[in-house]
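*Asks:* Build me a model:
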Amino acid sequence: MNDDKPKSAVELAMERMRKKDADSGVAAERPPTDEQKAAIAEARSLHASKVAELEILQRSKMADLFDPAERTQVEEAYRRDLLRLHEELERKIGKIRGR
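*Replies:* Numbering: from 1, shown residues only. Okay, the predicted model is just below:
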């Protein structure tokens, strides 16, 4: 970066955060290795297929339901399942990255 240019507020904030992390002993995040990238891509691909399967099942369930209370229950279950899948993906990625 050219030191003659004025820094933006974002750049200044990032510098302060890096300094604060270094002072508190938090290690800088390392870029993922090729092996980690492949494992993350595989986890995301599996996640996408599970989400697609869940969406297909949701649509077929909703097509047969006409009672608003039942539809609400099925939609809430769908949202919970989606949230569970997203949390599972984040845990897997964190584990792959070694956090």
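*Asks:* how close does the residue minimising distance to the centre of the chain get to residue 43?
*Replies:* Nearest residue to the geometric centre of the chain (CA atoms, centre = their mean): residue 90, 5.1 Å. Taking CB to CB, to the nearest Å as the criterion, residue 90 is separated from residue 43 by 10 Å. Quick note: C-beta positions are derived from backbone N, CA and C, even for glycine.
*Asks:* for residue 79, same thing?
*Replies:* Summarising the geometry, the distance separating residue 79 from residue 43, computed by CB to CB, is 22 Å.
*Asks:* One more: residue 70?
*Replies:* Residue 70 is 34 Å from residue 43, where distance means CB to CB.
*Asks:* quick one, which of these two is more surrounded?
*Replies:* Between residue 70 and residue 43, counting by other CB atoms under 10 Å, residue 43 is the more crowded of the two (18 against 13).
*Asks:* where's the helix or strand harbouring that one relative to the chain centroid, distance-wise?
*Replies:* Element membership of residue 43, judged by DSSP states H and E, is helix 34-64. When distances are taken as CA atoms, centre = their mean, to the nearest Å, helix 34-64 is centred 13 Å away from the chain's centroid.
*Asks:* What residues sit buried inside the very next helix or strand once past that helix?
*Replies:* Read in the C-terminal direction, the helix or strand following helix 34-64 is helix 68-97, with elements assigned using DSSP H and E. Neighbour-count burial for helix 68-97 flags 74, 78, 85, 89, 92, 93, 96 (criterion: 16 or more other CB atoms under 10 Å).
*Asks:* What's the local residue count around the nearest residue to the first one once chain neighbours are set aside?
*Replies:* If I follow you right, that is residue 74. With sequence-adjacent residues excluded and distances taken as CB to CB, 6 or more residues apart in numbering, residue 74 is closest to residue 61, at 5.3 Å. The burial count assigned to residue 61 is 15, neighbours taken as other CB under 10 Å.
*Asks:* Then residue 67?
*Replies:* Other residues lying near residue 67 total 9 when counted by other CB under 10 Å.
*Asks:* who's in contact with it?
*Replies:* When contacts are counted by CB atoms under 8 Å, 6 or more residues apart in numbering, residue 67 touches no other residue.
*Asks:* circling back: the residue nearest to the centre of the chain and residue 59, how far apart?
*Replies:* For residue 90, the distance to residue 59 equals 25 Å [CB to CB].
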